[in-house]
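Undergrad: I'd like to go over a predicted model; first the sequence, then the structure.
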There are 2 protein chains.
Amino acid sequence: MSLLTVGSVAFDALETPFGKTDKIIGGAATYITLSASYFTNQNNLVAVVGDDFPQEMIDILKDHGVDTAGLEIRKGEKTFFWSGKYHNDMNSRDTVDVQLNVMENFNPIIPEQYKNCEFLMLGNTAPAIQKMVIERLPNRPKLIMLDTMNFWMDIAWDDLMEVIKLVDVLTVNDEEARQLSKQYSLVKAAAAIQAMGPQTVIIKKGEHGALLFHGDSIFFAPALPLEEVFDPTGAGDTFAGGFIGYLASTNDVSFNNMKRGIIYGSAMASFCVEKFGAERLFNLSTDEINERVAKFVQLSAFEIV
Amino acid sequence: MSLLTVGSVAFDALETPFGKTDKIIGGAATYITLSASYFTNQNNLVAVVGDDFPQEMIDILKDHGVDTAGLEIRKGEKTFFWSGKYHNDMNSRDTVDVQLNVMENFNPIIPEQYKNCEFLMLGNTAPAIQKMVIERLPNRPKLIMLDTMNFWMDIAWDDLMEVIKLVDVLTVNDEEARQLSKQYSLVKAAAAIQAMGPQTVIIKKGEHGALLFHGDSIFFAPALPLEEVFDPTGAGDTFAGGFIGYLASTNDVSFNNMKRGIIYGSAMASFCVEKFGAERLFNLSTDEINERVAKFVQLSAFEIV
């Protein structure tokens, strides 16, 4: 089934304890579509960049089967730029620089051929824009998933509430879940968020795994314990892309299939953190992904006798 | 098979956002033996209290089949006392008061009938005392498990290294694992600790579950997502008691059985935090425990198709 992803395509400059990069390809929609490309070949992107964005970076997406007809290139404008520096423990980071540029007035134009998408992924961006996307689709997709962050809770609460009630799946990290729900317990937080609209809430806990709340059911997926996290940038988006890419490819939105989606998403995220930016997502093989998924099975399998 | 637990039996006074207690029964060995009592009936305790320790508290242990022949009651001395106050997030606490009292010169005397124990649990106490216990046993138990904490790493490093190399299983929390190994990555931390002696390392991550490293294999057990953590005191010891109690009852120290032990231990810990101190461990039924274990199965089961 066809997947439409709307979000940022950007330049990132990263610094971790292991090194630093110049401007590399970044942005939520980049990670999401690259990750989803390993599952679905109806992988449509709506985003905006400036004319400083090199063709080679667009080609990376195209080479992975991402349809870039919806990637607007704005003449005389600059691409969204984010620069961040990670602390030694890799769990926290400082934003060094943000230049919104073209994202300041992102007006997502959805090509006609994308409009009947069955799966819609709204990457982290202004809630008003996320809502605009839903309104521009003639038919409601089978599944709408939304990612957001604390920034929008701080400055665009009402807009966020408006869009949240329209979606099926919300992904946030644990801190964001707490801020959004005003509940410390993640069980209570998920219930409060479900009451805002989405039947399904995924709480990402980074190295501590992810929780999937679906109706009254809970599933917990561990993160793969890694020797080294090289660069966590984009891990959450890669997770989301693997999850929704897997759902789209199987056209199954049941709880049991969402569990599998969480495992595939977690496997993709575990690759993402192994190199700078999205680099590790450029050349994965199906065998590598299946081996990684098998590690998750080993990691969490037990039998009560 | 018979289990011997050596550790503290104490008075605790607790304050959490939900309320506070006067002196209630506490101490690592209390939680361990109470938790283990749901699995094994050869549940022997070596500990020391003062003559201020009320018979009713000893009776709680006896009522659970704990053999208290090894509980020394020292005349004219006072019981170990700890008082703590939890912060609002329940993940951190301040020690309000510690009075070592009888623990200052704990000299664990092991009754003759305990000496051939197959399973030995060394609760958190001075490493020199933990080592003394091992030396006082004529035959090496089938499995020796040791719990320790950052305090001993700060003040008794060499003693800790001496005893660690004698044990099979070490349990620590994630911060302690990092301090002990000088590694941030828990995978590297576990490998470094294994090189110190224990083949098996259990890293407790509280609400984030537990990791079991056994040789080259890793198992991850989630913690049950709870609506409310009422009082986390003793959860780690309850976990350890459930784990080793289960191993002792099945007399099986294989990796697969240790996985089950981790799940039983996690289930017991999930009860412990529901009430103040050890109260929730006083009256559990086998049905309740099995239902709780079934929740862990539900929580982490998935099938890759």
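TA: Yep, it's here.

Undergrad: would you mind listing what in the stretch 151-300 of chain A touches chain B?
TA: Residues of the stretch 151-300 of chain A lying near chain B by CB under 8 Å from any CB of the partner chain: A:184-188, A:205, A:208-209, A:211, A:217-222, A:225-229, A:256, A:259-260, A:262-263, A:293-294, A:297-300. For every residue, glycine as well, the C-beta is placed using N, CA and C.

Undergrad: again, only this time at 7 Å
TA: Contacts of the stretch 151-300 of chain A with chain B, taken as CB under 7 Å from any CB of the partner chain, map to A:184-188, A:205, A:208, A:211, A:218-220, A:222, A:225-228, A:259-260, A:263, A:293, A:297, A:299-300.

Undergrad: where do the helices sit along chain A?
TA: A:28-36, A:55-63, A:127-135, A:150-155, A:157-164, A:174-181, A:186-196, A:235-250, A:255-272, A:286-300 (DSSP state H).

Undergrad: just put those in JSON lines and tack on mean pLDDT and mean neighbour count.
TA: Converted to JSON lines, the helices of chain A look like this (pLDDT from 0 to 100; neighbours: other CB atoms under 10 Å in any protein chain shown):
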{"stretch": "helix A:28-36", "mean pLDDT": "98", "mean neighbour count": "32"}
{"stretch": "helix A:55-63", "mean pLDDT": "97", "mean neighbour count": "14"}
{"stretch": "helix A:127-135", "mean pLDDT": "98", "mean neighbour count": "18"}
{"stretch": "helix A:150-155", "mean pLDDT": "96", "mean neighbour count": "14"}
{"stretch": "helix A:157-164", "mean pLDDT": "98", "mean neighbour count": "17"}
{"stretch": "helix A:174-181", "mean pLDDT": "96", "mean neighbour count": "20"}
{"stretch": "helix A:186-196", "mean pLDDT": "97", "mean neighbour count": "19"}
{"stretch": "helix A:235-250", "mean pLDDT": "98", "mean neighbour count": "28"}
{"stretch": "helix A:255-272", "mean pLDDT": "97", "mean neighbour count": "24"}
{"stretch": "helix A:286-300", "mean pLDDT": "96", "mean neighbour count": "15"}
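
Undergrad: now render those helices as TSV, adding distance to B:Glu274.
TA: Below are those laid out as TSV (distance: least, CB to CB, whole Å):
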stretch	distance to B:Glu274
helix A:28-36	39
helix A:55-63	50
helix A:127-135	38
helix A:150-155	31
helix A:157-164	32
helix A:174-181	21
helix A:186-196	13
helix A:235-250	32
helix A:255-272	27
helix A:286-300	25
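
Undergrad: quick one: closest of those helices to B:Phe11.
TA: helix A:186-196 (32.4 Å; CB to CB).

Undergrad: and the nearest residue to A:Leu212 once chain neighbours are set aside, what does it touch?
TA: The spatially closest residue to A:Leu212, leaving aside those adjacent along the chain, is A:Phe219, at 4.3 Å (CB to CB, 6 or more residues apart in numbering or on different chains). Residues counted as contacts of A:Phe219 (CB atoms under 7 Å, 6 or more residues apart in numbering or on different chains) are A:212, A:259, A:262, B:299, B:302.

Undergrad: state the pair within those residues that is farthest apart.
TA: Among these, A:Ile262 and B:Leu299 lie farthest apart (CB to CB), at 12.2 Å.
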